[in-house]
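Participant: Predicted coordinates and the sequence they were generated for:
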Amino acid sequence: MNNVIKQIKELFFVAGIGIVLIGCNQSKETTIAKNDNKMTQKEVLTDTLSGYTLMKNNCYVCHNPNAASHDSIIAPPFAAVKRRYSMQYDNKEEFVNAVIDWAYNPSEEKALMRGAVMEFKVMPKLPLDKKVLEKIATYMYENEVEQPEWFGAHFEEMHGSGKGMGMGRGKGRRMNKDQKN
């Protein structure tokens, strides 16, 4: 319930800022450079709302930030996805391209989140246009994404003080018992 109220507040906040920006700039449009394209403030706001709406409508079916517990999810929350991709890709273009590449053609070999693949399997290929995926990935990169209430405690339990659990690339749960040292 608190997440729903938070979502509504965030949406009203973004919409309110948009109304103020649009109202203040009626006689001339201010442009903002974005990926070598010139966009008006209105277009930037529309893009942000569009990215959120696309993510909510296409991704939250599996990546639900309102899941009651870790046991009730079928895919990792976007907070975990964003955190992992942000660790791997330190600029927007690489981040967005990697998310698009994964969502457009997911495979175990390309997985950054090996623990999630072990737990949930590889996600299905999405029947979405690359432009839609780009808006979703850009929204993820540029905004704080919602996270389930339990996520912080779960992340701390799984990763401790940020040093991970040594589960990368063939370690941990993937090893047979007789392979362990």
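Facilitator: Cool, got the structure.

Participant: CA only for contacts and neighbour counts going forward, please
Facilitator: Will do.

Participant: can you give me the strands for this structure?
Facilitator: For the chain, the strands defined by DSSP state E occupy 31-34, 37-40.

Participant: Comparing these by mean pLDDT, which bottoms out?
Facilitator: Sorting those by mean pLDDT places strand 31-34 lowest, at a mean of 43.

Participant: buried ones in stretch 51-69?
Facilitator: Gly51, Tyr52, Leu54, Met55, Asn58, Cys59, Tyr60, His63, Asn64, Pro65, Asn66, Ala67 (16 or more other C-alpha atoms under 10 Å).

Participant: Quick check, the third one in contact with Asp129.
Facilitator: Okay, so that is Leu54. No. Contact status for Leu54 versus Asp129: not in contact, 11.4 Å apart, counting by C-alpha atoms under 8 Å.

Participant: which regions of this protein sit below the pLDDT cut-off?
Facilitator: 1-4, 6-9, 11-49, 68-69, 148, 150-181 (pLDDT under 70).

Participant: Okay, now stretch 98-118: how far is its last residue from its first?
Facilitator: 20 Å (C-alpha to C-alpha, to the nearest Å).

Participant: ok, and what's touching that stretch?
Facilitator: Outside stretch 98-118, the residues that touch it by C-alpha atoms under 8 Å, 6 or more residues apart in numbering are 75-76, 81, 84-85, 122-128, 130, 133-134, 137, 167-169.

Participant: Buried among these? Make that a ChimeraX selection.
Facilitator: In ChimeraX syntax, the buried subset of the contacts of stretch 98-118 is picked out as below (16+ other C-alpha under 10 Å):
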select :75,76,81,85,122,123,133,134,137
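
Participant: among the contacts of stretch 98-118, which are in helices?
Facilitator: Judged by DSSP state H, the contacts of stretch 98-118 include Val81, Arg84, Tyr85, Lys130, Leu133, Glu134, Ala137 as members of helices.

Participant: how near is Val145 to Glu109?
Facilitator: 26 Å.

Participant: neighbour count winner among these two?
Facilitator: Val145 (17 against 8; other C-alpha atoms under 10 Å).

Participant: Apart from its neighbours in sequence, what residue is nearest the more buried one?
Facilitator: Ala79 (5.9 Å; C-alpha to C-alpha, 6 or more residues apart in numbering).

Participant: Now do the helices in the chain.
Facilitator: 2-24, 41-58, 78-88, 92-104, 114-120, 130-142, 151-159.

Participant: Name the residues of the fifth one that are buried.
Facilitator: Spelled out, it's helix 114-120. So helix 114-120, judged by 16+ other C-alpha under 10 Å, has buried residues Arg114, Gly115, Ala116, Val117.
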